[in-house]
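Novice: would you be able to build a 3D model of this:
(one chain, ligands or ions: 2)
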Amino acid sequence: MSTDKINLMNLSPAELGEFFVSIGEKSFRSQQILRWVYQFGETDFDKMTNLRKDLRAKLKESCVITAPEIVSEQVASDGTTKWALDLGDGQLVETVLIPEEDRNTLCISTQVGCPVKCSFCRTGAQGFNRNLTVNEIIGQVFRASTRVGFSNNQEQKPISNVVMMGMGEPLLNLANVTKVCELLLSDYAFALSKRRVTVSTSGVAPVINKIAGKLDVALALSLHAPNDELRNILVPLNEKYPIAEVLDSVRNYLDKSNANCGRVTIEYVLLDHINDSIEQAEELVRLLRTIPCKVNLIPFNEHENSEYRKPSNSRIDRFYKVLFDAGFTVIKRTTRGDEISAACGQLAGQVKDKLAKQKINAKTC
Ligand code: SAH
Ligand code: SF4
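Specialist: Ligands and ions are numbered 1, 2, ... in the order given. Below is the predicted model of the structure:
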């Protein structure tokens, strides 16, 4: 790919409008391009028949529309599908499709590795490599759509929900994640409802405050512990932004949000004999009393980089019961796709020398 050309997939809807103005065109051209790319899956300017011929030629000269390509695909028995995308610099990034009867959820990554280094997370164990660019993030939704269908095709089942629960901490890649959200929400691009786009965060309090009232999407907070002492160990970022500060920022976010229906999702990974006792459940009840929320209990997905274990079902059930009896909306998350290491916290892009072996019929757009 020529590097001096502008990749239009790196631009937010507003930036695309500004780009057209900068080349002497009306800004509404951006809407046409967004539709072609994100609703029809078309990236070839020559096929964009509602653009003037001379404009198509001009665009071809100075722009491309391109996303990282799928280089491997693994499908679990429950239909969960994990794709690895080649970032072109020796890195891979993973994205996971979770098909359900009434929806197709895509779990996307925002960074290669993660600097937060939660002690139980496989991505964290990899360390931090770099932020993903806009095209590398929205490209995951684009590539998944080439497989499941774009919204123009009524007979297929396009991506209906996007959760930023793959590799990385989305709020530490804010500028790019904001543009990606704008593309997901734009009526001319993926046109998803703000309730169907979820940003999951380990609790970057100042950033949550910063985006309050500006970026309105569903917010999930990865809490995992009822007190700072334990959370400092599980989520090291807690030493910088302790629980009280994070919960304050979440309250502030909720006050200014329509996407959350007034409630944040609290994620709590259950680790055997670490954070799953009855006393800890009771402490969690006390902590969350003043936060409108629903609680997702995620049994730990085991992986080779961790000695933590998943609790027994009876321990999970009694933890659940304490929250339920206290009146919380609480959901036990079922694990999807763990046999292909596609479950929460199991993603880890591999280095490229493994890639040749995995290479399967990579589709280009
Ligand atoms: N960095 C963000 C989003 C990506 S992680 C965050 O931490 O919220 C998405 C979710 O997967 C988080 O709730 C995270 O704590 C959880 N997770 C990480 N490793 C896990 C594992 N091995 N088993 C179960 N959940 C895990
Ligand atoms: Fe990063 Fe989230 Fe994993 Fe923690 S759980 S290391 S924040 S990806």
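Novice: how about the strands in the stretch 51-200 of the chain?
Specialist: Shown for the stretch 51-200 of the chain, the strands assigned by DSSP state E, counting those that start in this stretch span residues 63-64, 69-75, 81-86, 92-100, 103-107, 111-113, 128-131, 161-164, 197-201.
Novice: then the stretch 201-350 of the chain?
Specialist: Assignment of strands within the stretch 201-350 of the chain using DSSP E, counting those that start in this stretch yields the ranges 218-222, 264-270, 293-299, 329-332.
Novice: redo these as CSV? Include mean pLDDT.
Specialist: Below are the strands of the stretch 201-350 of the chain laid out as CSV (pLDDT from 0 to 100):
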stretch, mean pLDDT
strand 218-222, 98
strand 264-270, 98
strand 293-299, 97
strand 329-332, 96
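Novice: where's residue 335 relative to residue 123, distance?
Specialist: From residue 335 over to residue 123 the distance is 16 Å, taken as CB to CB, to the nearest Å. (Each C-beta comes from the backbone N, C-alpha and C, glycine too.)
Novice: can you pull the contacts of the residue of the stretch 151-300 of the chain found nearest ligand 2?
Specialist: Ligand 2 sits closest to residue 202 of the stretch 151-300 of the chain, with a gap of 3.6 Å, by CB to the nearest ligand atom. By CB atoms under 8 Å, 6 or more residues apart in numbering, residue 202 lies in contact with 116, 118, 169, 222, 235, 237.
Novice: for it, give me phi and psi.
Specialist: Main-chain torsions, residue 202, degrees, to the nearest 10: phi -80, psi 0.
Novice: how near is it to ligand 1?
Specialist: 4 Å (CB to the nearest ligand atom, to the nearest Å).
Novice: interface residues of this structure facing ligand 1?
Specialist: 118, 120-121, 165, 169, 200-202, 222, 267, 269, 298, 300-301, 303, 344-346 (CB under 6 Å from any ligand atom).
Novice: change it to 8 Å
Specialist: Within the chain, the positions adjacent to ligand 1 are 110, 114, 116, 118, 120-124, 164-170, 200-202, 220-222, 224, 235, 267, 269, 298-303, 306, 308, 335, 343-346 by CB under 8 Å from any ligand atom.
Novice: what number of residues lie near residue 204?
Specialist: 21 (other CB atoms under 10 Å).
Novice: how about it: what's its closest non-neighbour residue?
Specialist: Distance criterion CB to CB, 6 or more residues apart in numbering; nearest residue to residue 204, sequence neighbours excluded, is residue 171 at 4.2 Å.
Novice: mind naming the longest helix for this structure?
Specialist: In the chain, assigned by DSSP state H, the helix with the most residues is helix 134-148.
Novice: buried set for that helix?
Specialist: Residues of helix 134-148 classed as buried: 134-146, 148 (neighbour count, 16 or more other CB atoms under 10 Å).
Novice: for it, packing partners?
Specialist: strand 69-75, strand 81-86, strand 92-100, strand 103-107, helix 174-185 (3 or more CB pairs under 8 Å, 6 or more residues apart in numbering; DSSP states H and E).
Novice: tell me if that helix is near ligand 2.
Specialist: No - against ligand 2, helix 134-148 shows no contacts by CB under 8 Å from any ligand atom, the least distance being 14.2 Å.
Novice: could you give the angle of that helix to strand 103-107?
Specialist: Interaxial angle of helix 134-148 relative to strand 103-107 (axes from the mean of the first three to the mean of the last three CA atoms, to 10 degrees): 150 degrees.
Novice: average pLDDT across helix 134-148?
Specialist: Averaged over helix 134-148, pLDDT sits at 97.
Novice: can you check stretch 336-346 too?
Specialist: Here the average pLDDT along stretch 336-346 is 67.
Novice: need the contact list for the residue lying farthest from the centre of the chain.
Specialist: Among residues of the chain, the one most distant from the C-alpha centroid is residue 54; the distance is 38.0 Å, by CA atoms, centre = their mean. Residue 54 makes contact with no residue under the criterion CB under 8 Å, 6+ apart.
Novice: residues from the stretch 201-350 of the chain in reach of ligand 2?
Specialist: Residues of the stretch 201-350 of the chain lying close to ligand 2 by CB under 8 Å from any ligand atom are 201, 202, 222, 235, 237, 345.
Novice: quick check: PyMOL command selecting the buried ones in these.
Specialist: In PyMOL syntax, the buried subset of these is picked out as below (16+ other CB under 10 Å):
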select buried, resi 201+202+222+235+237+345
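Novice: could you confirm residue 9 falls within a strand?
Specialist: No - if the criterion is DSSP: H, G, I helix; E, B strand; the rest coil, then residue 9 is helix and not within a strand.
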